[in-house]
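In: got a predicted model here, sequence first, then my questions.
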Amino acid sequence: MEKMTRVSGTVSGCTMFCHLDAPANAISVCRDATQVVVAGRNIFKIYGLEEDGFVERLNLRVGRKPSLNFSCADVMWHQMEENLLATAATNGAVVTWNLARPCRNKQEQLFTEHKRTVNKVCFHPTEVNMLLSGSQDGFMKCFDLRKKESVSTFSGQSESVRDVQFSIKDYFTFAASFENGNVQLWDIRRPDRYERMFTAHTGPVFCCDWHPEDRGWLATGGRDKMVKVWDMSTNRVKEIYCVQTIASVARVKWRPERRYHLATCSMMVDHNIYVWDVRRPFIPFATFEEHKDVTTGIVWRHQHDPYFLLSGSKDSTLYQHMFKDASRPVDRANPEGLCFGLFGDLAFAAKESLMSAPQSVGDVGRKTYPGGDRRYPIFFFKKPDVTEQFAQVSSALSVFESEAGSSVGMDWFINTAQSYLLSGKPFAELCEHNAQVAKRLNRPQESTTWTMLRIMFSEPANPSLSSNHNLNKSGNLPLVNSFSMKEMSAALNERNKENRQDNLHSLETNLNNNDENEETEGSEGQAEYLFGDAELDDDDLYSMEHDNQAAEEPEYLLPQEAFPLRHEIMDHPSAPEPVQEKPESPHVSGSEAESTCLTPMESFSLISVSQLLFSPHLPPKFFCPIVKEMLCYYAEQGDVQMAVSVLIVLGDRIRKEIDELTQEHWYMSYIDLLQRFELWNVSNEVIKLSTCGAIMCLNQTSTTLHINCSNCKRPMSNKGWICDRCHHCASVCAVCHHVVKGLFVWCQGCSHGGHLEHVMEWLKQSKHCPAGCGHLCEYT
Amino acid sequence: TFLSEKQCYSQLFSFENVRPGRNVNLSFEKDRASLLCMKALANRGRLDSVSQQMASHPQYLESFLRTQHYILYMDGPLPVHYRHYIAIMAAARHHCRYLVSLHSAQFLLADGDPLWLQGLEAAPLRLQHLDHINKVLAHQPWLTARSHIQALLKTGEQCWSLAELVQAVVLLAHCHSLCSFVFGSGSDSDTTPTPRVHHGTPPGYCLCDAANGNTALSPSLAGPTEKAPRRREEDEAMFSADPSRFVTDPEFGYQEFARREEDHFQVFRVQDYSWEDHGFSLVNRLYSDIGHLLDERFRNVASLPFPHSPDLKRAIWNYIHCIYGIRYDDYDYGEVNRLLERGLKLYIKAVACYPDSSKTPLCPLSWAPVKASDKVHVNLLVMEARLQAELLYALRAITQYMIA
């Protein structure tokens, strides 16, 4: 017969809503899905569900001044008897209503046995006269509607009852959820004690719902923002699914005819209704976003129709949601992931459609690992389930492996960190030294930067160093990196290109800035030769970049590694058609011979020009904006080392120009890097030399010292100054008998001691130990 | 630092007195309490009288201290000196000298600007803006409205962020209710300035400074020479810390909620907005972990063994909420009159609504079996019920703001 109703197609309609006069607390539908009852503090009405809207059928709130019995926390329409309703009142009453009563007041029975608010009422699914209630007072009561009072009382013995639900399949069983996080299973015939109990959530369990088909499945939702599905059919209750939502879960309802779907709504903050596929716990299957305040009641319109959901809300509206109008968050999601492995491998997954874009030149040795690849465990591959309606997204996984034995090509970083001088010498010498270091490590751009800084900020009267900047012997590419490029997507390539363009531009702007102020002849020609040409001549452009890039951004590991190892890729058996030497490939054009374009001569002249330029006229302040830009540029490029080093060496000259937060951020990143490479000394030096308060205090963190109690000689386990075992203050000063919380000095002879200050003073006056042990202490 | 050392000794002595001797065989509970007290003393160099009073309920004391420590010193969006200043503002509403001077000292220790202590108008505008909600929450929390929240959060130079505001509100509610406890337990009276001058150290003066020996450690000249005059400054600030300078509109006080009912002040129905269902989720979302700490406090006070009937306890709790306009649908308020004697009702009302020793004389609790721990218990109930009431009103206003 149930099938009949469904087939006959009485359920039809569209997404629609109506305004209620007051906020709703709960809703319930009658069995044939034609009427819905809405209950709340100030509302108790029945609406008919018509094709094109809700129609008010009946107002059950009668009388001039309705009593609190009408203030409903919950309502349920009997699923067998179409005239029978039950409500749970906030004042603790359980009321039944008979729509067949001829008078206006439809109230049938009133049970006032609960002392506190009744949170939930539930009719037995098949038994006409059996009603169950759960209350704040911690009791559940079972009523026989033919009698005047309850037939049995169940005491949960664990705080308030939040929800009670009869099992749909087991005649005698019901589940109850509690405020303290417990869920209990009861046999209706045995009121003395529960059959099972388990802790489902931390904090209150607001709701539970039996699976309509699966006998043993119970879904629970709690204040801890989780929905859990429990399998009760086994001996031990087992959590089989868990969905993490973003707010406390107020209601949970299984979706009819969809084994793995359930709908949830929240009690606070979040107003949406979510339908989850419990097997896909990270993203809702569907979302209804109509309500403006929290949703308080949700119910599937018909117990065999998965496409209609009704909901009531605190915003005083009643909605019918159509499933086809739901929004599907999965469509907007971005199925991409990126992760570094322990040894520097990089795995990257993206939509297959993206990855299978026509291979460009950069994709030398490209190789995808579809799910079936033997080399990767099978769990990467999720078999599409026919019953699962979830959008199937298949991603391609790419793995960039680092070559064994290489330390991820960060040697330059370590070397630089160790060799840079940050303080202790005059400014000009520091710059000079650092320039030399950078040069030695094949980083000409950094080297030049240091030199320029020296020139910019040195006292004009002090043209200290001869310009022996023999910059550019570094024609060959530094082989700093050893990633073997198994794969290189076009996108990466593209970005790489952009980066280089940016480099060039910023360099250009830098130089153009200078140009504007320069009056010297000859220099212009040089500059143009260098950069003006570059815009026209591709080869020059690339070679120039090449140089920059190799020098300044070895941290961008992926891009430039491609070139040195180009030939290695050929060894790769599975590499499809190693494409080489295509003319439009930037990598190829960046061959070693060409990259010497920036000849020593030119760079030399560039520098001498700049020296001419501003040594006598311009105050150092003038350069601050440029230097600032330069620092930001380095930081953007990922070379915080340069940014921080320059920041420290320049000190007050530049500090005010850059806002504290940025500085702090740079320092943090650099220190983090240093510590990863275990360059503790350097990191400490940086911390000491920094001027940010937040950085300087880093030195004072994690200075834990494990001590034993001076009294009972056992380790002090807890924090604080009192030993847990003997209840004495440990480490007491022998002079003032107070707990020492700072420096503690003690005599190695008698092991008595105390505040440094106090002991020093004491020993000025006396030779003996302040503790009175008679030892002749010495303080040196 | 001679004076402060002397103070150390005197504190230590009083501590010896408080501490139950080792030779006495103690029950576990007492032991736990004394350990807690010792920890508090050793950590902060002092044991305030509030903790001493609460020590008769150790499990409660533990959660109280934990919450207080979390609000004042642990992670949170507000800087520490702001927190103490807000505490000063809150305590000043009830002229609680004890808390004002305690937090003034802590405020200075947290590198607060001594100028601010000259009065509210010397504090930054942002804090001054908080004055209104402070006033309302302290005396007539039912007036708290969405518009207050909106005004504070309105973007501008002096605006508050939601997270900051929530912390501030929790702080205010905590301090207001603590005023009630201080007043009820009579701790306020022992902080009249006279003995303090004698001792030379303000009550909240933290002895950590003296104890950790770090003050003179830095060999630089700056250390001792700068510290000494600053301390004198602190002392001055301390003795002159008159609560009324942090208060605007001093006439604003508690008014009978019941009498105002016809002015359409909606009764607050717990069934529509409760701590367990709504308040907790909101406060925990905006100020992480505070919900659990407060929850534990409420649970602890509810589970304290009460020698009289549990109905009496519920009656006291609901009565306090009732005078703040919060009603329970499932409670028969006739029971309040049946169970609470007139004297007890007067006492509760005085402690909850007028905890101001400068205006109300502390009426003695003339309640039949007045054991000291019972009195503390009643005071704790008042404090927690009041804290929850204020939080409920404030959080409801914030919820309404978020929905709109």
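Out: Received the coordinates, thanks.
In: every contact and neighbour count from this point should use C-alpha atoms.
Out: Fine.
In: around chain B, which positions in chain A sit nearby?
Out: A:68, A:90-92, A:115-117, A:223, A:247-248, A:267-269, A:292-293, A:720-722, A:727, A:729, A:736, A:738-743, A:755-757 (Cα under 8 Å from any Cα of the partner chain).
In: which ones among the residues you listed map onto strands?
Out: Among the residues of chain A next to chain B, the ones falling in strands (DSSP state E) are residue A:755.
In: so residue A:313 sits against residue A:21, correct?
Out: No. Using Cα atoms under 8 Å, residue A:313 makes no contact with residue A:21, being 11.6 Å away.
In: more neighbours: the two, which one.
Out: residue A:313 (26 against 13; other Cα atoms under 10 Å in any protein chain shown).
In: the more buried one: what's it in contact with?
Out: Going by Cα atoms under 8 Å, 6 or more residues apart in numbering or on different chains, residue A:313 touches A:23-25, A:291, A:293-297.
In: what are the bridge partners for it, then?
Out: residue A:295 (DSSP bridges).
In: now do the residue nearest to residue A:245 when sequence neighbours are not counted, the pLDDT please.
Out: Of all residues not flanking residue A:245 in the chain, residue A:225 sits nearest, at 5.3 Å (Cα to Cα, 6 or more residues apart in numbering or on different chains). Here, the pLDDT recorded for residue A:225 equals 93.
In: is it true that residue A:225 touches residue A:250?
Out: No. When contacts are counted by Cα under 8 Å, residue A:225 is not listed as touching residue A:250 (9.3 Å).
In: and those two? Which one has more around it.
Out: Counting neighbours by other Cα under 10 Å for residue A:225 and for residue A:250 shows that residue A:250 has the greater number, 25 against 21.
In: for residue 316, give me the pLDDT.
Out: Using chain A here. At residue A:316, the model reports a pLDDT of 92.
In: the chain in question should be chain B.
Out: Residue B:316 is given a pLDDT of 91.
In: what's the neighbour count on residue 102?
Out: Just going to use chain A. Considering only other Cα under 10 Å, residue A:102 is surrounded by 8 other residues.
In: that's the other chain; I wanted chain B
Out: Residue B:102 - counted by other Cα under 10 Å - has 21 other residues nearby.
In: equivalent analysis for residue A:351, please.
Out: 16.
In: also residue A:65?
Out: By other Cα under 10 Å, the residues close to residue A:65 number 7.
In: also residue A:138?
Out: Using other Cα under 10 Å, residue A:138 has 21 neighbouring residues.
In: in a helix, residue B:388, correct?
Out: Yes. Checked against DSSP: H, G, I helix; E, B strand; the rest coil, residue B:388 lies within a helix.
In: for residue B:291, see how far away it is.
Out: 12 Å (Cα to Cα, to the nearest Å).
In: ok, now which ones touch the closest residue to chain A within the stretch 251-400 of chain B?
Out: Per Cα to the nearest Cα, residue B:330 is where the stretch 251-400 of chain B lies closest to chain A, at 3.8 Å. Contact partners of residue B:330, counting by Cα under 8 Å, 6+ apart, are A:90-92, A:115-117.
In: do you know the pLDDT at residue A:397?
Out: For residue A:397, the model assigns a pLDDT of 77.
In: bridging residues for it?
Out: residue A:349, residue A:369.
In: now swap in residue A:746 and tell me
Out: Beta-bridge pairing of residue A:746 under DSSP bridges involves residue A:753.
In: what about the strands in the stretch 251-400 of chain A?
Out: A:261-266, A:273-277, A:286-288, A:295-302, A:305-313, A:317-322, A:337-340, A:346-351, A:395-400 (DSSP state E, counting those that start in this stretch).
In: pLDDT (mean, whole number) over the third one?
Out: Over the span of strand A:286-288, the pLDDT mean works out to 94.
In: touching that strand from outside, list them.
Out: With Cα under 8 Å, 6+ apart as the criterion, strand A:286-288 contacts A:272-276, A:321, A:326-329.
In: for stretch A:751-766, same thing?
Out: With Cα under 8 Å, 6+ apart, stretch A:751-766 has contacts from A:731-736, A:740, A:742-747, A:769-771, A:777-779, B:212-213, B:216-217.
In: rerun that using 7 Å as the cut-off
Out: By Cα atoms under 7 Å, 6 or more residues apart in numbering or on different chains, the residues outside stretch A:751-766 that reach it are A:732-735, A:740, A:743-747, A:771, B:213.
In: any chance you could map the helices in the stretch 301-404 of chain B?
Out: B:310-323, B:334-339, B:342-353, B:372-403 (DSSP state H, counting those that start in this stretch).
In: what's the neighbour count on residue B:72?
Out: Residue B:72, neighbours per other Cα under 10 Å, totals 19.
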